[in-house]
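> pasting the structure only:
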Ligand SMILES: [Zn+2]
């Protein structure tokens with residue numbers, strides 16, 4: 001498995017620069033990962049570049065042999081990239097990326113999709129099981145709508161490209177495609193408006209942490225037709241289109257630039273204005289840049305190894321388990337969905353589900369309810385969070401306790417152009433009704449609760465919206481006795497949801513602390529087998545979900561003035 005020397009040659013030949021501050025390492029249990037070089041004597045400051053990868057070295061549908069075979073519509077998509085990867089991989093040494101592709105596994109064995117039936121039982125009734133079901137549906141859809149038609153329509157030329165001796169049925173099977181998706185989805189990045197998704201050598205070797213050290217940065221806003229990041233021949237055309245659009249209202253022209261994300265087409269209007277004096281901004285590279293100071297630590301004379309982490313995005317443990325095959329205990333981005341329970345309550349009361357939220361628009365017109373929108377909710381929630389009335393002491397266990405200093409850098413991410421996580425199409429879950437790692441409830445859940453209580457006969461006081469916000473999410477006990485009837489019934493409804501969610505687990509009510517005990521027993525000094533490490537990840541997902549339910553229940557008890565020492569669930 002020692003493929004690093006060939007990979008280093010590949011990096012050199014493709015002008016991929018890697019800082020001497022980092023070492024690329026391999027171990028059987030950890031796979032490839034990146035360590036801080038033992039030669040580094042001082043901390044690495046924020047914005048220190050650790051790697052520059054020319055965009056020309058990125059493997060994407062448009063840079064691969066697939067370029068002219070695949071319909072333009074799919075060039076930037078995951079399906080297009082997976083097909084490009086399959087083709088290049090089959091080319092073997094004839095692919096310019098062969099020494100990079102040789103390092104990749106044939107599939108991500110630890111992903112939840114590849115667990116056997118007994119192993120999947122471990123996560124039954126967790127959010128991971130639901131997320132896997134949705135991901136499987138996406139996979140089938142991607143195969144049926146993009147891959148299969150592509151293989152069908154391009155059979156002759158694809159066969160000629162990959163070689164007649166390749167088994168066609170095997171190469172084009174759903175299983176081969178699913179394996180490839182696991183490899184590609186776990187390491188692709190969103191590169192820019194022209195390339196879309198791509199595989200970026202070296203950038204994908206950094207492992208994930210919810211307290212990451214580095215960010216992946218590229219300039220996203222480039223010409224969508226040619227990838228040029230400065231002026232190009234399409235500028236005039238784009239300006240004409242923009243002007244034409246103003247004249248003709250919304251009439252769209254099929255030959256116009258695709259609007260990948262809202263707002264990006266605005267760039268065409270001031271494309272000649274260099275709005276950033278940072279010279280790095282003009283570079284046509286994908287960069288790995290230090291996001292927060294990387295400290296190193298010595299114990300006695302022995303310097304400990306220090307892995308350098310990226311973030312694959314604000315993903316929950318259940319999402320991480322499905323996509324990457326690992327989970328993080330007390331992951332800062334964890335959440336638990338209560339949607340199924342909430343929907344069941346609505347059904348039982350005959351309240352239509354669809355009336356509340358229509359896309360981003362609040363359409364519920366219940367009288368007397370003071371309108372609070374999502375921004376307001378988040379402002380208040382965050383404001384209260386920063387007062388630190390409850391120190392959760394969240395720490396991702398074991399991974400990094402070197403005492404990095406927070407440099408107060410939050411919300412200033414875009415120093416060198418856009419910073420992108422590994423691309424996660426299923427990320428987000430924006431409209432989900434959920435509780436978070438701290439046991440707080442999110443806007444959508446709270447909104448549904450309010451409507452439910454109003455519809456089931458609660459008397460809506462105009463201040464109920466604000467009251468529940470203050471009482472539940474910050475839970476000062478002094479307010480507990482002054483709850484209005486509506487607020488009280490909202491919290492009591494939440495208690496019902498929490499209990500129903502709790503009862504879904506087929507584990508007889510094991511507490512998070514009990515799962516923690518089992519997890520800590522599992523952390524022996526010996527290396528875990530694949531099966532043991534799957535079990536451990538399943539237990540972590542369960543422990544996280546149980547803990548969220550416990551914390552939410554405690555908040556409810558506190559708000560209702562119930563003694564905390566009463567048993568959590570019975
Ligand atoms: Zn152009």
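All right, it came through fine. This is a predicted model, so every value here is computed, not measured. Numbers count the residues shown, from 1 in each chain.
> Residue 124 contacts residue 506, doesn't it?
Yes: here residue 124 reaches residue 506: they are 6.0 Å apart, a contact under CB atoms under 8 Å. Glycine gets a C-beta too; all of them are placed from N, C-alpha and C.
> quick one, which of these two is more surrounded?
Each of residue 124 and residue 506 has its neighbours counted (other CB atoms under 10 Å); residue 124 has more, 14 against 8.
> so the more buried one, which of the three states?
Put simply, residue 124 is coil when judged by DSSP: H, G, I helix; E, B strand; the rest coil.
> low-scoring pLDDT stretches of the protein, where are they?
Where the chain drops to pLDDT under 70, the residues are 1, 242-283, 296-304, 354-431, 458-484, 522-526, 563-570.
> mind checking the SS state of the nearest residue to residue 543 once chain neighbours are set aside?
In space, and not counting its chain neighbours, residue 543 is closest to residue 515: 3.7 Å by CB to CB, 6 or more residues apart in numbering. Secondary structure, three-state DSSP: residue 515 is helix.
> got the end-to-end distance for stretch 23-36?
6 Å (CA to CA, to the nearest Å).
> roughly how far is that stretch from the heart of the chain?
Its chain's average C-alpha position is 22 Å from that of stretch 23-36, according to CA atoms, centre = their mean, to the nearest Å.
> List the buried residues for it?
Neighbour-count burial for stretch 23-36, with 16 or more other CB atoms under 10 Å as criterion, is recorded at 23-24, 32-34, 36.
> Now the two most distant members of those residues.
By the measure CB to CB, 32 and 36 form the most distant pair in those, at 15.4 Å.
> Give the next helix or strand downstream of the helix or strand harbouring residue 23.
Per DSSP states H and E: residue 23 is located in strand 22-27. Going down the chain from strand 22-27, the next helix or strand is strand 31-36, by DSSP H and E.
> Pull the residues that contact the helix or strand just after that next one.
On the C-terminal side of strand 31-36, the closest following helix or strand by DSSP H and E is strand 49-54. For strand 49-54, contacts defined as CB atoms under 8 Å, 6 or more residues apart in numbering pick out 14-19, 21-22, 44, 200-203, 214, 283-290, 308.
> how does it look with 7 Å?
Applying CB atoms under 7 Å, 6 or more residues apart in numbering, the set of residues contacting strand 49-54 from outside is 14-19, 21-22, 200-203, 214, 284-290.
> list the contacts for residue 122?
Residues near residue 122 by CB under 7 Å, 6+ apart: 535, 538.
> Which secondary structure element is home to the closest residue to residue 135 other than its chain neighbours?
Distances taken as CB to CB, 6+ apart put residue 322 closest to residue 135, at 5.4 Å, once the chain neighbours are dropped. Assigned by DSSP H and E, residue 322 belongs to helix 317-323.
> how about that helix: buried residues?
Applying 16+ other CB under 10 Å to helix 317-323 flags 317-323 as buried.
> again, but for stretch 39-58
Buried residues in stretch 39-58, counting neighbours by 16+ other CB under 10 Å, are found at 40, 43-44, 46, 48-53, 55, 57-58.
> Next: stretch 57-67.
Buried, per 16+ other CB under 10 Å, within stretch 57-67: 57-66.
> Could you check how far it is from the centre of its chain?
Here stretch 57-67 is found 24 Å from its chain centre; the criterion is CA atoms, centre = their mean.
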